[in-house]
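[1] here is my input; please provide its structure:
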Amino acid sequence: MKTEHSHLLRMVMLAMLVAIGVVISPILRIEGMCPTAHFINIVCSVLLGPWYSLLCATLIGIIRMMMMGIPPLALTGAVFGAFLSGVFYRASGGKIICAVLGEIFGTGIIGSLVSYPVMAILMGRGGLTAFYYTPMFLAATTMGGTVAWFFLKTLSQAGVLAEFQRNLGAKVYDKKVRKSKRTKSTH
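    Numbering: from 1, shown residues only. You can find the predicted model right below:
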């Protein structure tokens, strides 16, 4: 019963993050940069793990490409960072800064370099160099990562990050859990 409940909560959280990522991306956007996508990637990585974060970034990218006419940068600029954010978070034993660094490295470096041949060869854009997208991607991931770090640190300090992770069936690294009303009433 507990695993079915956790699975349902994970699917609901994934759907909410995808919806937020799609809806908010055109609103809080700087030309050529989408810091909110990186915020969503990091939050998803910490709450659900690298595979869910990869799925979330892929779904957001596909929906944005289909519905908003966004170029393939919606995928190449998101999936590597989303996955590495979760991998770095887990490998570090749950350090939020490592999730941010995974997003910055995955998107800012790997994603920007992969975006060059996709846009130059597949999309026929001329005048690009291998590092054309790197400054924009690094800036966007740094902005989104900074906001994500503050957000997740606040949740952690309030003791709710671990509670969210536990309810979602994710690995809990932060043992600080807020006392709920149920816990107080049973003692």
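[2] next up, the contacts around the residue nearest the centre of the chain.
    Note on the chain: the residue nearest the mean C-alpha position is N41, at 0.4 Å, using Cα atoms, centre = their mean. Residues in contact with N41, defined by Cβ atoms under 8 Å, 6 or more residues apart in numbering, are S53, C56, A57, A78, G81, A82, S85, E103, T107, G144. Bear in mind the C-beta positions are built from the backbone N, C-alpha and C, glycine included.
[3] give me the subset of those residues that lies in helices.
    If you go by DSSP state H, the contacts of N41 have S53, C56, A57, G81, A82, S85, E103, G144 in helices.
[4] got any ranges where the protein has weak pLDDT?
    The chain contains residues with pLDDT under 70 at 1-2, 28-33, 123, 175-187.
[5] tell me the helices in it, going along the chain?
    Counting by DSSP H, residue ranges of the helices within the chain are 2-24, 35-48, 50-68, 73-76, 79-91, 96-103, 112-117, 134-157, 160-168, 181-186.
[6] make JSON lines from the ones in helices among the contacts of N41 and add distance to M68 and neighbour count to it.
    Shown next, in JSON lines, are the ones in helices among the contacts of N41 (distance: Cβ to Cβ, whole Å; neighbours: other Cβ atoms under 10 Å):
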{"residue": "S53", "distance to M68": "21", "neighbour count": "33"}
{"residue": "C56", "distance to M68": "17", "neighbour count": "28"}
{"residue": "A57", "distance to M68": "15", "neighbour count": "32"}
{"residue": "G81", "distance to M68": "20", "neighbour count": "35"}
{"residue": "A82", "distance to M68": "19", "neighbour count": "32"}
{"residue": "S85", "distance to M68": "23", "neighbour count": "35"}
{"residue": "E103", "distance to M68": "22", "neighbour count": "34"}
{"residue": "G144", "distance to M68": "18", "neighbour count": "27"}
